[in-house]
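Participant: give me a 3D structure for the following:
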Amino acid sequence: MKEQRICEEDWADVLVVGAGPTGLTLAIDLARRGVACRVIEATEQRAINPRCNTTSARSMEILRRLGLADEVRRAGLPRDYPTSIQYRTNLVGEEIFRIDLPSAGEVLTGLGKEHWPTPEPQHRISQLYLEPVLEKFASSLPGLDIERGVRLVELRQHDDHVEAVVNVDGTTRVLRCAYVVGCDGAHSTVRRQLGINYQGVEAIQKFVSTFVRSPELGRLAARDSAWTYWTYGRRLASLIAIDGGELWLNHVAFPPDHDTHHEDPEQLLRETVGAEVEHEVIGVVRWTGRQLVAERYHNGRVFLAGDAAHIWIPVGGFGMNAGIQDAATLGWMLAAVHHGWAPPDLLTAYESERKPVGEQFARAVGSAARASLADVSADIHLPGSDGEQARAELACRLATTEPPRYSPDGFSFGYHYASSPLVVGGEQQDAISMGGFQERAQAGFRLPHAWLDDDRSVLDALGPDFTLLRTDSGVDVEPWIDAARERGIPLTVVDLPGRWPDRYPTALLLVRPDQHVAWMGEADAPPGELLHTATGHLAAHKQ
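Facilitator: Predicted coordinates for the structure are as follows:
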């Protein structure tokens, strides 16, 4: 192979390796912040098998900030398709338990929104449909280039830039950039180049996932439509509606030491459905659910995000959504350094913020998966009163374990950076749980949502960079404006009516570009010192 010489068009401020949801979200965020970005992807075409099938509420909030939420919500399942979860002996058998959740259409029309803890509830959409929306939008942005069929071969770090050696159709090129972000999945070339290993549990469960086209299965399911049907045949299985009609994904779980190569996908589908249905197999994947987090999230000018940084059993799509959170955190930091209003040291906070979250999520997701995969009595299949009693007992267990998994508000709104060096006043916190969060502003946490009089969310009122929320109009904010101007820090001041004292309990709240609270307090705080801390310059005194 011959290597082409370096030329100016081979320069990018940030090189993103991997065009999945994490990489595309990061690239969009960077481009919208005025950072030239190049995305390279080794594959020419997207994977044909569905992977993640849920975009979390927090991910939808991030996409809302990027201007994409409505378009994403209109993709995936039909607008009126139920997103409920059913638990059955098999698809045509007895119902055991169910969780009813709103359709995309109900969310778009705002049905019940006064009770939502977010302006953007979670959305059921297969990655098959999410990625094209993200890539089309990304391709329309100036300063953002996406190249497929480009495989990373080597990284060479220098003091002031990185050289990425890539292969394109047998010819190597050298791309130069200020920073590289590896969003290239569980088998990340970037992570291997850095010599960073995963730590954790190598195998929690094995799965056989079969993607099928079956109008007959769609008609059968339409008798009582749901997004996911959990069934308890020979093995626990989940049958997921991909398009609300003929496309279905059948996940079947096995113990971690089971040899799944001998499992017949056709037989597994019959067991899930409880009947023979005419179908076409589009793809079969045999895989292992893990609980792993990278030893480090960066080395020098190179960073890891998404599955390159953490992989765990994909219960509820938490892996992809954690990757989108990674992108939201790293994006503003890279942009701040690029534009010169934050020092390069700011970027070290990415690991100190996101790695603890990844570790806590891994434990929480692993615990949720083990609870869901716990043994179920075969008596649920019995006729008569014995079967009814067994199903009732299982329903009681499911009522405890399952709702937090399918409405994981703690995952979306309870993760935090309270111990970050960029946060002042963060307090010791309990471990993150799937269902636990507070609708009260806290240092390090995402700013709680509330609806304003003009039908916007408080999150919509925030500026693109730092925002100073003022709940007491009597507080003088000129010192903050002057301090930000002197330091070149972009700051938007927003007056927030003081009608939510329990939600926003202080006169001032300093909110970061990723919508997390950097500090909250009263008028006597030192603005210059606090702004310096929030942008990675120095440690402020605790306020």
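
Participant: that's a helix at Leu15, yeah?
Facilitator: No: read with DSSP: H, G, I helix; E, B strand; the rest coil, Leu15 is strand and lies in no helix.

Participant: what sits against the closest residue to it other than its chain neighbours?
Facilitator: Closest residue to Leu15 apart from its sequence neighbours, by CB to CB, 6 or more residues apart in numbering: Cys177 at 4.1 Å. C-betas here are computed from N, CA, C, even on glycine. For Cys177, the contacting residues are Trp11, Ala12, Asp13, Val14, Leu15, Arg38, His161, Val162, Ala164, by CB atoms under 8 Å, 6 or more residues apart in numbering.

Participant: in ChimeraX, how would I select just the buried ones from those residues?
Facilitator: Of the contacts of Cys177, the buried ones can be selected in ChimeraX as follows, counting by 16 or more other CB atoms under 10 Å:
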select :12,13,14,15,38,162,164
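
Participant: what number of residues lie near Arg446?
Facilitator: 27 (other CB atoms under 10 Å).

Participant: for Leu509, see how far away it is.
Facilitator: Distance, Arg446 to Leu509, by CB to CB, to the nearest Å: 12 Å.

Participant: and Leu30, what element?
Facilitator: Using DSSP states H and E, Leu30 maps to helix 21-32.

Participant: what's the mean pLDDT across that helix?
Facilitator: Averaging pLDDT along helix 21-32 yields 98.

Participant: buried residues of the strand or helix carrying Trp480, list them for me.
Facilitator: Trp480 belongs to helix 478-487 when assigned by DSSP H and E. Residues Trp480, Ala483, Ala484, Arg487 are the ones in helix 478-487 that count as buried (16+ other CB under 10 Å).

Participant: quick one: the helices in the stretch 101-250 of the chain?
Facilitator: All helices of the stretch 101-250 of the chain, identified by DSSP state H, counting those that start in this stretch, fall at 104-108, 127-139, 189-194, 215-221.

Participant: could you list the residues in contact with the third one?
Facilitator: Helix 189-194 has contacts (CB under 8 Å, 6+ apart) with 17, 151-155, 180-182, 184, 294, 296, 299, 302, 304, 308-309.

Participant: list buried residues within the residues you listed.
Facilitator: 17, 151-152, 155, 180-182, 184, 294, 296, 299, 302, 304, 308-309.

Participant: from those residues, which land in strands?
Facilitator: Among these, the members falling in strands (DSSP state E) are Val17, Arg151, Leu152, Leu155, Val180, Val181, Gly182, Ala294, Asn299, Val302, Leu304.

Participant: distance to Ala395 and pLDDT added to those residues, as TSV?
Facilitator: As requested, those are arranged in TSV below (distance: CB to CB, whole Å; pLDDT from 0 to 100):
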residue	distance to Ala395	pLDDT
Val17	46	98
Arg151	50	97
Leu152	49	97
Leu155	52	97
Val180	50	98
Val181	45	98
Gly182	44	98
Ala294	39	97
Asn299	49	97
Val302	49	98
Leu304	41	98
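
Participant: so where's the stretch 301-450 of the chain uncertain?
Facilitator: 314-316, 369-373 (pLDDT under 70).

Participant: if we can go back for a sec, what's the closest of the contacts of Cys177 to Gly521?
Facilitator: In terms of CB to CB, no member of the contacts of Cys177 lies closer to Gly521 than Val14, at 33.8 Å.

Participant: could you pull out the buried residues of the one helix or strand Ala390 maps to?
Facilitator: Element membership for Ala390, per DSSP H and E: helix 384-401. Buried residues in helix 384-401, counted by 16+ other CB under 10 Å: Gly387, Ala390, Arg391, Leu394, Ala395, Leu398.

Participant: the third one contacts Ile380, doesn't it?
Facilitator: Spelled out, it's Arg391. Yes: here Arg391 reaches Ile380: they are 4.9 Å apart, a contact under CB atoms under 8 Å.

Participant: which neighbours do those two share?
Facilitator: In contact with both Arg391 and Ile380: Thr89, Glu94, Ile96, using CB under 8 Å, 6+ apart.

Participant: can you turn the buried part of these into a ChimeraX selection?
Facilitator: Buried subset of the shared contacts of Arg391 and Ile380, written as a ChimeraX selection, criterion 16+ other CB under 10 Å:
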select :89,96
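
Participant: reformat the shared contacts of Arg391 and Ile380 as a markdown table; add distance to Gly143 and secondary structure.
Facilitator: Output for those, formatted as a markdown table (distance: CB to CB, whole Å; DSSP: H, G, I helix; E, B strand; the rest coil):
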| residue | distance to Gly143 | secondary structure |
| --- | --- | --- |
| Thr89 | 54 | coil |
| Glu94 | 56 | coil |
| Ile96 | 52 | strand |
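
Participant: residues near Pro223, how many?
Facilitator: If you look again at residue 223, you'll see it is Arg, not Pro. Quick note: Arg223 (other CB under 10 Å) scores 8 neighbours.

Participant: what of the one 4 residues further on?
Facilitator: Neighbourhood size, Trp227 [other CB under 10 Å]: 24.

Participant: where does the prediction get shaky in the stretch 1-150 of the chain?
Facilitator: Using pLDDT under 70, the stretch 1-150 of the chain drops low at 1-9.

Participant: to what extent is Glu276 buried, counted in neighbours?
Facilitator: Neighbours of Glu276 using other CB under 10 Å come to 10.

Participant: not counting sequence-adjacent ones, nearest residue to it?
Facilitator: Arg270 (5.9 Å).

Participant: thought the one you found was touching His279?
Facilitator: No: using CB under 8 Å, Arg270 makes no contact with His279, being 10.0 Å away.

Participant: the more surrounded of the two?
Facilitator: Ranked by neighbour count (other CB under 10 Å), Arg270 and His279 place His279 first, with 19 against 15.

Participant: could you pull up the residues touching the residue nearest to that one when sequence neighbours are not counted?
Facilitator: Spatial nearest neighbour of His279, excluding adjacent residues (CB to CB, 6+ apart): Ser214 at 3.5 Å. Contact partners of Ser214, counting by CB under 8 Å, 6+ apart, are Glu246, Trp248, Val277, Glu278, His279, Glu280.
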